[in-house]
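>>> pasting a predicted model and its sequence here:
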Amino acid sequence: MARNYTHYQDISTFTNSFHNIQSTLLTNIPYYHHQPPLLNFTHQSSSSISCNNSSTSDEAEEQHMSIINDDRKQRRMISNRESARRSRMRKQKQLDELCTQLLRLRNENHGIINRMNNFMETHEQVVQENDRLKKQILELKQLLSHETQIATTYNDA
């Protein structure tokens, strides 16, 4: 079943997409939700601090990559939605064109049927007129033959 989209639905879709993009832009800024790692400066050896700092750095890098991947996923999702919307619009346009073509062809077919009916009616009238004329010719031939017989009989007598 074809689905007709209204102007208001397009505006609603655009507004929702705009808010999604806006929130994505704000929340996918690197380190937007990221709390800077707290370094523990208690009495530890320097190797312990560098190890702790290194693991925090790895976690930060993983979180940064996760944010980047989420951002890519969000952009891909938005792109796919837009692509689907364009596809629906193309299909709706094709459907509208096919409906227009269908109406045009139905009108053309109706016109052809009307012309054919007129032709058939005229043809029937011509056939009836031909039959009437053939009967009239036969009657006239019979009358002429009869008159010729009378004239021959009259001339012979």
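Nice, thanks for sending it over.
>>> rest of the way, CA atoms for contacts and neighbours
Noted.
>>> which stretches in the chain count as helices?
7-27, 46-156 (DSSP state H).
>>> which of the ones you listed comes out lowest on mean pLDDT?
Mean pLDDT per stretch puts helix 7-27 lowest among the helices of the chain, at a mean of 56.
>>> how close does Cys99 get to Arg106?
For Cys99, the distance to Arg106 equals 10 Å [C-alpha to C-alpha, to the nearest Å].
>>> list residues touching both of those two?
Listed as contacting both Cys99 and Arg106 by C-alpha atoms under 8 Å, 6 or more residues apart in numbering is no residue at all.
>>> still on that earlier bit, would CSV of the helices of the chain with mean neighbour count be doable?
Written out in CSV, the entries for those read as follows (neighbours: other C-alpha atoms under 10 Å):
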stretch, mean neighbour count
helix 7-27, 12
helix 46-156, 13
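>>> give the contact list for Val127.
With contact set as C-alpha under 8 Å, 6+ apart, Val127 has no partners.
>>> repeat the analysis, applying 10 Å as the threshold.
By C-alpha atoms under 10 Å, 6 or more residues apart in numbering, the contact list for Val127 reads Glu121, Leu133.
>>> this completes my enquiry, with thanks.
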